[in-house]
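Novice: structure of the sequence below:
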Amino acid sequence: MARTQAGNSTTGAAGSRRSRRRRSFAGPRAQPDEKPDKKPDKSPPGPQLPLLARLLLMAVAFAAMAAFAVVLARLTVSPQPASEALTHSNLHPGSSIRQYLAQPEVLDAVKQLGGNVALGVPFGVLLPLLFPRTRGRLRVALTTAGVMLLVELVQGALVTGRAFDIDDVVLNTTGALLGYLLLGRRLGRAVHPPRRPWWRRFGRGRTASGSHT
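Specialist: Presented below is the predicted three-dimensional model:
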């Protein structure tokens, strides 16, 4: 009995040594539950202009907005007594646009429609440069529609020979969206780089403090 127990102990010790050697050759076992840590995304949000270039661009945009305000006032709120009998208010969207398209002269329709659209383009280009909170298609559209709606109300109530037309607001807002999509969005991002949301910045700070501890 003593010999058999000694033999079993020697065979058990030899088996454990063999298993240790196999483990050493095979290397450490991979744990399926562990996942590799993802590196944080440190890519820049986009191309940024130097500070001097951004200040210069904002100054040019401010001057352009002031000049545009003067032109807008002359085109929209200047009295026209000669056309007082021909003007009428329009509260139905699309009514004036259909009248423009029904004109026999195509050039006149292009002037009416294109002029109102072009009048809204500076809003889409200049608003994101001067007011970063107005960036975005919806914000540009709402801001432009609000300003032009106020202009149309002044026209209909106070200016001789002018009338309120809701289609002018629609066309001006369309022009603002075109200006924003073509140029205003890029200029706004270059002058005012987008920032991380506050909750992401807070979470990033917590993870950084946790790694130091």
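
Novice: the bottom helix or strand of the protein by mean pLDDT?
Specialist: helix 2-26 (a mean of 51; mean pLDDT, DSSP states H and E).

Novice: buried ones in the following helix or strand past that helix?
Specialist: Once helix 2-26 ends, the next helix or strand along the chain (criterion: DSSP states H and E) is helix 51-76. By 16 or more other CB atoms under 10 Å, the buried positions in helix 51-76 come out as 54, 61, 65, 68, 72, 76. For every residue, glycine as well, the C-beta is placed using N, CA and C.

Novice: what's the first helix or strand after helix 51-76?
Specialist: Next along from helix 51-76, by DSSP H and E: helix 95-101.

Novice: that next one - contacts with which helices or strands?
Specialist: Here helix 95-101 touches helix 106-130, helix 166-179, going by 3 or more CB pairs under 8 Å, 6 or more residues apart in numbering; DSSP states H and E.

Novice: alpha carbons of the shortest one, as CSV, please.
Specialist: What it means is helix 166-179. Only the C-alpha atoms of helix 166-179 are listed here, as CSV (Å, rounded to 0.1, in the frame of the first residue of the first chain):
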residue,chain,number,x,y,z
ILE,A,166,-46.0,85.7,-47.8
ASP,A,167,-44.4,84.3,-51.0
ASP,A,168,-41.6,86.9,-50.6
VAL,A,169,-40.8,85.3,-47.2
VAL,A,170,-40.8,81.8,-48.7
LEU,A,171,-38.5,82.9,-51.6
ASN,A,172,-36.1,84.8,-49.3
THR,A,173,-35.9,81.8,-46.9
THR,A,174,-35.1,79.5,-49.9
GLY,A,175,-32.3,81.8,-50.9
ALA,A,176,-30.9,81.8,-47.3
LEU,A,177,-30.8,78.0,-47.3
LEU,A,178,-29.0,78.0,-50.6
GLY,A,179,-26.4,80.5,-49.4
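
Novice: no further queries at this time; thank you.
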